[in-house]
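Asks: Pasted the sequence and its predicted model underneath.
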Amino acid sequence: MNDIPGLSRPLADAGKHVDSWDDAGGQLVVVASSTVSRSTCPQCAGQSRQVHGRYRRRLADRTCFGLPVTISIEIRRFKCCNASCAQRTFSESVGELATRSQRRTNRLTEALRRLGFALGGAAAGRLSAHLGIGVSGDTMLRVLHRTACPTPKEPPVVFGIDDWAITRGHRYGTIIVDLERRQPIDVLGGRESIVVADWLRLHPTIQIVARDRAGAYSEAVQTVDDKVLQVADRWHLIANMRESIERLLLRQHAKLREAARTLSEAIRTEGHPVTANSLACRRSGEVHHAMSASNASWIGRRSHSAHSGIGNSSGRSSM
Ligand SMILES: [Zn+2]
């Protein structure tokens, strides 16, 4: 019985069936041939039964039980019976299994695409070898580059904008995301004000922009349309707060460590196990003292920042 779970059905949908298979040599080779007698001319859509010739096409497919899979599929070449058609002969298609001239099945290409988007070219290439697919990082990048960007059905109204490193410390680009549909809609080759302004002029439907605190994006929006509402995005606000807290704790490190040491010694002297309640109740005065000093310092800085603007990590000017 030549039924291979997960493969026989897509082959049947393409008008093929499994003749035989062989798992020698560390890979599964599936031989398939045609089950239908006619095919459709891609030029004039006429049906033909006149077989002009045959050849075999090899398609790499997803792995089966950890083995790489190759489908050796019979392809017939037909004569077009329409005298007025410019196409004299044509090869039958394999339907949804693979597009013409492709060496992989569509579902294998989709698996590679997902790997590439998740991990990037080099890492996805290394993992693919472990999974039995075995393509290089360059191949993975070619698969990603051939992926068409989805065209938005409606013009964007609310979008987020941020920079990203093409070469860290040297070159930066800008990514633009439709926040209502949660989809990236464009990538720009720079993060300068003029680059973003040119893009904004092509998208007059924009009403709200969520951005970081960099001055370039603010300037671009102001230049093109000062009625567009600009808001600081949540990620950068949280990132700024986290960095401020880290700096605060680093500055108060000695006091916090001393308070913790005093507390531990006191509890050890009393001979009781250290619990959250005992820490909170018995020596709360010492901890409170240290934290009060920390909070006072932080609140003072925060109050100052609220008036002057918190500096961001990239060193670019604040809004
Ligand atoms: Zn034709």
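Replies: Good, I have the coordinates.

Asks: use CA for all of it now, contacts and neighbours both
Replies: OK.

Asks: in stretch 184-192, what's buried?
Replies: By 16 or more other C-alpha atoms under 10 Å, the buried positions in stretch 184-192 come out as 184-185, 188, 190-192.

Asks: distance between the helix or strand where Thr70 lies and the chain's centre?
Replies: Thr70 is part of strand 67-79, with elements assigned from DSSP states H and E. Relative to its parent chain, strand 67-79 has a centroid offset of 32 Å by C-alpha atoms, centre = their mean, to the nearest Å.

Asks: what about the helix or strand following it, distance to the chain center?
Replies: Toward the C-terminus, strand 67-79 is succeeded by strand 89-91 as the next helix or strand (DSSP H and E). With C-alpha atoms, centre = their mean as the basis, strand 89-91 stands 39 Å off its chain's centre.

Asks: Given strand 89-91, what are its sheet partners and their directions?
Replies: Using DSSP bridges, strand 89-91 pairs in its sheet with strand 67-79 (antiparallel).

Asks: Pull out the C-alpha coordinates of the strand it pairs with and format them as PDB.
Replies: The C-alpha trace of strand 67-79 is given here as PDB (Å, rounded to 0.1, in the frame of the first residue of the first chain):
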ATOM      1  CA  LEU A  67      13.900  12.100   7.200                       C
ATOM      2  CA  PRO A  68      14.400  14.700   4.400                       C
ATOM      3  CA  VAL A  69      11.800  14.100   1.700                       C
ATOM      4  CA  THR A  70      12.200  14.400  -2.000                       C
ATOM      5  CA  ILE A  71       9.200  13.900  -4.400                       C
ATOM      6  CA  SER A  72      10.200  12.600  -7.800                       C
ATOM      7  CA  ILE A  73       7.000  13.600  -9.700                       C
ATOM      8  CA  GLU A  74       6.100  12.700 -13.200                       C
ATOM      9  CA  ILE A  75       5.300  15.800 -15.300                       C
ATOM     10  CA  ARG A  76       3.800  15.400 -18.800                       C
ATOM     11  CA  ARG A  77       4.100  17.900 -21.600                       C
ATOM     12  CA  PHE A  78       0.900  18.400 -23.600                       C
ATOM     13  CA  LYS A  79       0.300  19.800 -27.100                       C
END
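
Asks: Is that strand positioned near the ion?
Replies: No: using C-alpha under 5 Å from the ion, strand 67-79 never reaches the ion; the gap is at least 8.1 Å.

Asks: Quick check: buried residues in that strand?
Replies: Neighbour counts using 16+ other C-alpha under 10 Å place 67-79 of strand 67-79 among the buried residues.

Asks: neighbouring contacts of that strand?
Replies: Identification of contacts with strand 67-79 by C-alpha atoms under 8 Å, 6 or more residues apart in numbering yields 26-34, 39, 48-63, 88-93, 132-133.

Asks: State the next helix or strand along the chain beyond the strand or helix carrying Tyr172.
Replies: Taking DSSP H and E as the criterion, Tyr172 maps to strand 171-178. With elements assigned by DSSP H and E, the helix or strand that comes after strand 171-178 is strand 183-188.

Asks: name the helices or strands packed onto that next one?
Replies: For strand 183-188, the packing partners by 3 or more C-alpha pairs under 8 Å, 6 or more residues apart in numbering; DSSP states H and E come out as strand 171-178.

Asks: Around the ion, pick out the residues from this structure.
Replies: 41, 43-44, 80, 85.

Asks: Next, the contact list for the residue in the stretch 1-150 of the chain that the ion sits nearest to, please.
Replies: Closest approach between the stretch 1-150 of the chain and the ion, counting by C-alpha to the ion: Cys44, at 4.2 Å. Neighbouring residues of Cys44 by C-alpha under 8 Å, 6+ apart: 82, 85.

Asks: and the residue of the stretch 201-319 of the chain found nearest the ion, how many residues sit next to it?
Replies: Taking C-alpha to the ion, the ion has its nearest neighbour within the stretch 201-319 of the chain at Leu202, 42.8 Å off. Here the count is done by other C-alpha atoms under 10 Å, and Leu202 has 9 residues near it.

Asks: And the helices in the stretch 201-319 of the chain?
Replies: Taking DSSP state H, counting those that start in this stretch as the criterion, the stretch 201-319 of the chain carries its helices at 215-224, 234-251, 253-270, 276-282, 284-308.

Asks: Quick check: bridge partners of Ile161?
Replies: Ile176.

Asks: By neighbour count, which of the residues of the chain next to the ion wins?
Replies: Neighbour count (other C-alpha under 10 Å) singles out Cys80 as the most crowded of those, with 27 neighbours.
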